[in-house]
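> with the sequence up front, the predicted model follows.
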Amino acid sequence: MSTQSIFHKALQKAKKYINDEFYTSLEDIQAELEKYKDVFKDKIIYCNCDDAYKSNFFSYFIQNFNKLKIKKLIATSLSDSALCGLFESYSFKIEIVKVKSDIDYNNKALMVESLLKCKENTKEIIKSDHDYRAGDFRSKECVQLLKQSDIIISNPPFSLFKEYFDLLIKFKKDFLIIGNINAYCYKNILPYFIKNEVFISSLKNSKFLQPNGKEIYLSFCVWFCNIKINRVFKDLKTTTLYYKNPSFYPFYSNFKDCININSVNDIPLDYEGLMGVPIAFIKYYNPNQFEILGIINENFSKDFNIKKNNKNNKNPIILLNGEEKVLYTRIIIKNKSPLKCGMI
């Protein structure tokens, strides 16, 4: 490969990483992690996609280190070099086991340097390996750090979310991570929602900071979590009923046992059969009220023996004014305790 080709490949790779980099607001982190404050005691927390000098995850845990009685906090992130990955590169791992009361939290860089004045805390070089950049969560050194950790908390690159999720599952780690809501429809992720082993909660503000300092709102971002706590679920309450307007809920042409729901607000609480709902339903999912059975899309349609239409498409299809209309992905659910006529 020519030097020019190598350079071009490196730049393309760097561009992908830059587009994947969004810093979570401290406000969103505080609002969510407050729910888990009792689980961090004597635990090793690993933020494996977080630059300690920039990350609000790292800042949050330092500010609350003693209050939460954390055993150790570890942070690693990709090297800042735009061309690393194809050339020798290095990054740092920062391990914190002691936080004194006189730390200045207002300036992240000064905060880290103050922490490192304590001899028990360390900052060490980690290098790239044959396959990954220095600090990449998939690299050998970072995987070793993950193995020794108890809880993984971070905002991983969206483009690598599948790999990231699989890595956490492989090593049976507790996690609280941010991702695109659509990711729960991935073939490797949905089964954990069906088994009620992973749950989603919404971000308070969905506000992120880009590397260039610009704030951006990403409404499709949610928290993915498998940490066991006493979760409080709210029943979904809608005002629509199937028996009052059954024609509003057509059956799918290629999946005749299931009715189509266009909006979460349209879910009829009196319907006993299968319902295909938009993916936004997961934000309101209460496992005590509903059961998730699967998904209708190209990857999961075989689970329901769904027939292809003439366009070789397995997404849900309804007849609208005599013509087939292909819909977006639908989650198949069933109400565990539908309202009876006497209850309405």
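Sure thing, it's come through. Residues are numbered from 1 along each chain as shown.
> give me the low-pLDDT residue ranges for this protein?
For the chain, applying pLDDT under 70 flags the ranges 1-20, 80-89, 298-315, 319-322, 341-344.
> may I have the beta-bridge partners of the residue nearest the centre of it?
In the chain, the centroid-proximal residue (C-alpha atoms, centre = their mean) is Gly179; its distance is 2.9 Å. Counting by DSSP bridges, Gly179 is bridged to Val222.
> distance of it from Glu215?
Distance of Gly179 to Glu215, given as C-beta to C-beta, to the nearest Å: 20 Å. From N, CA and C alone the C-beta is placed, and that goes for glycine too.
> where do the helices of the stretch 1-150 of the chain begin and end?
3-19, 26-33, 56-63, 65-68, 108-115, 140-147 (DSSP state H, counting those that start in this stretch).
> A helix includes Lys162, no?
Yes. Counting by DSSP: H, G, I helix; E, B strand; the rest coil, Lys162 is part of a helix.
> host element of Ile295?
For Ile295, the host element (DSSP states H and E) is strand 290-296.
> got the CA positions of that strand in CSV?
Taking Å, rounded to 0.1, in the frame of the first residue of the first chain, the C-alpha atoms of strand 290-296 are listed here in CSV:
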residue,chain,number,x,y,z
PHE,A,290,-46.7,-5.9,28.7
GLU,A,291,-44.7,-8.8,27.2
ILE,A,292,-42.2,-8.2,24.4
LEU,A,293,-42.4,-11.2,22.0
GLY,A,294,-40.1,-10.0,19.2
ILE,A,295,-39.7,-7.7,16.3
ILE,A,296,-40.9,-7.5,12.7
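> partner strands of that strand, with direction?
Next to strand 290-296 in the sheet, as set by DSSP bridges, lie strand 330-335 (antiparallel).
> list the contacts of the partner strand.
Contact with strand 330-335 is made by 185, 258, 260-261, 269, 271-279, 281-282, 289-297, 304, 315-316, as judged by C-beta atoms under 8 Å, 6 or more residues apart in numbering.
> in it, what's buried?
Counting neighbours by 16 or more other C-beta atoms under 10 Å, one finds that the buried residues in strand 330-335 are 330-333, 335.
> now do the phi/psi pair for Asp42.
Phi and psi for Asp42, reported as degrees, to the nearest 10, are phi 60, psi 30.
> show me the contacts for it.
If you count contacts by C-beta under 8 Å, 6+ apart, then Asp42 has 69-71 around it.
> Lys336 too?
288-291.
> now the buried members of these.
When those are checked for burial by 16+ other C-beta under 10 Å, the buried set is 289-290.
> in CSV, list the contacts of Lys336 along with distance to Lys147.
Shown next, in CSV, are the contacts of Lys336 (distance: C-beta to C-beta, whole Å):
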residue, distance to Lys147
Asn288, 35
Gln289, 38
Phe290, 36
Glu291, 35
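> out of the contacts of Lys336, who's nearest Tyr46?
Asn288 (32.2 Å; C-beta to C-beta).
> from Lys234, how far off is that closest one?
The gap separating Asn288 from Lys234 is 10 Å, by C-beta to C-beta.
> in the stretch 151-300 of the chain, what residue spans correspond to helices?
Along the stretch 151-300 of the chain, counting by DSSP H, counting those that start in this stretch, helices occupy 161-170, 190-194.
> I'd like the distance between Gln224 and Cys258.
Just to correct that, residue 224 is Phe rather than Gln. Look at Phe224 and Cys258: by C-beta to C-beta, they are 26 Å apart.
> err, Arg133, not the other one
Noted for Arg133: a distance of 45 Å to Cys258, by C-beta to C-beta.
> check Ile94 too.
Ile94 is 51 Å from Cys258, where distance means C-beta to C-beta.
> likewise Pro338?
As defined by C-beta to C-beta, Pro338 lies at a distance of 15 Å from Cys258.
> same deal with Lys334?
With the distance defined as C-beta to C-beta, Lys334 ends up 10 Å from Cys258.
> now the common contact residues for these two.
By C-beta under 8 Å, 6+ apart, the residues touching both Lys334 and Cys258 are 273-275.
> name the member of these with the most neighbours.
Neighbour counts for these peak at Met275, which has 24 neighbours (criterion: other C-beta atoms under 10 Å).
> tell me, how many residues neighbour the closest residue to Ile125 other than its chain neighbours?
Distances taken as C-beta to C-beta, 6 or more residues apart in numbering place Tyr90 nearest to Ile125, at 5.0 Å, with adjacent residues excluded. As a burial measure, Tyr90 scores 14 neighbours (other C-beta under 10 Å).
> okay, now the residue lying closest to Lys340 once chain neighbours are set aside: neighbour count?
Among residues not flanking Lys340 along the chain, Asp270 sits closest, at 7.5 Å (C-beta to C-beta, 6+ apart). Other residues within reach of Asp270 by the criterion other C-beta under 10 Å amount to 16.
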